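Asker: Fold the following, please.
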Amino acid sequence: MTEEYKILYESWRREKQRQDVQPLPEGFFSAMAVYVNQLREQSRTVDKTTVKGKLIEKEKDYVDKMLQDLNRFRLHKLVSAELNGAPIEPLNLTAEEKHLQVELRRLIAAHVQGVKQIIQGREPKFVASPIDNPPQVTPYPQPPYTQHTEKGEEALKVVRFTQPLPAIMGVDMKTYGPFRAEDVASLPAQNADNLIRKGIAKLVETAP
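Answerer: Residues are numbered from 1 along each chain as shown. Alright, predicted model coming up:
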């Protein structure tokens, strides 16, 4: 078993077994591309009727499947996190995945805006801003009390962050953050509860 196969298998296993997006070794996908090309070249030149040829074919098939699974697992986690407003550790994402994350937020926000226009009886305009000019992420206002919401709006909770957190998308499709440790902010209740469960933030008790 080659070192590249071991690295791929361990990365695939962690991604499959754990809920959050897992970190990958530096230059992982570039190394895997070289590895796959080597396997294909060996498969092309070796006698497939020999034991060595059969082993190479089996290794190539396993590698292809694990790479496809790995990308599918990570994509599913990324999309689910954006839809649910759950944070993802930026260091665990590749440059391509960070680009995809921005694109997802843009498309989701544009779609939600179009649906709101329909609800308001207006003709929807499902047009998002170009990815080359993404919306600026700014911290959400941090009032010292629980904000009262009108009927139909998402209830908010005030939380205090125990550690830094990159910007997240709330269940109301608004961008919140980034935050530093000890920052206090109002977040949709569902997002606040999720962060509290993970130990990232603590609830701030406020007067009714």
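Asker: What pLDDT is listed against the most centrally placed residue in the chain?
Answerer: In the chain, the residue lying closest to the centroid (Cα atoms, centre = their mean) is L78, at 2.8 Å. Looking at L78, its pLDDT is 93.
Asker: longest single helix anywhere in this protein?
Answerer: What stands out as the longest helix in the chain, according to DSSP state H, is helix 51-84.
Asker: buried sites along that helix?
Answerer: Residues 56, 59-60, 63, 66-67, 70, 73-74, 77-78, 81-82 are the ones in helix 51-84 that count as buried (16 or more other Cβ atoms under 10 Å). C-beta coordinates here come from the backbone N, C-alpha and C atoms, glycine included.
Asker: for those, which one is nearest S11?
Answerer: Using Cβ to Cβ, L70 comes nearest to S11 of the buried residues of helix 51-84, at 6.3 Å.
Asker: Roughly how far does that closest one sit from P87?
Answerer: Distance of L70 to P87, given as Cβ to Cβ, to the nearest Å: 21 Å.
Asker: now swap in L107 and tell me
Answerer: Using Cβ to Cβ, L107 is found at 19 Å from P87.
Asker: between those two, which one's more packed in?
Answerer: Each of L107 and P87 has its neighbours counted (other Cβ atoms under 10 Å); P87 has more, 21 against 14.
Asker: Helix, strand, or coil at that one?
Answerer: Following DSSP: H, G, I helix; E, B strand; the rest coil, P87 is assigned to coil.
Asker: List the contacts of it.
Answerer: Contacts for P87 (Cβ atoms under 8 Å, 6 or more residues apart in numbering) come out as A81, L165, P166, I168, L195, I200.
Asker: Quick check, pLDDT for the third one.
Answerer: Spelled out, it's P166. Turning to P166, the model gives it a pLDDT of 81.
Asker: burial measure for it, as a count.
Answerer: 14.
Asker: Which residues are in contact with it?
Answerer: P166 makes contacts with P87, I88, E89, P90, G177, P178, as judged by Cβ under 8 Å, 6+ apart.
Asker: let's see 10 Å
Answerer: If you count contacts by Cβ atoms under 10 Å, 6 or more residues apart in numbering, P166 has them with P87, I88, E89, P90, L91, Q101, V137, G177, P178, F179.
Asker: right, and the third one touches P23 too?
Answerer: Pointing back at E89 there. Yes. Counting by Cβ atoms under 10 Å, P23 is a contact partner of E89 at 7.8 Å.
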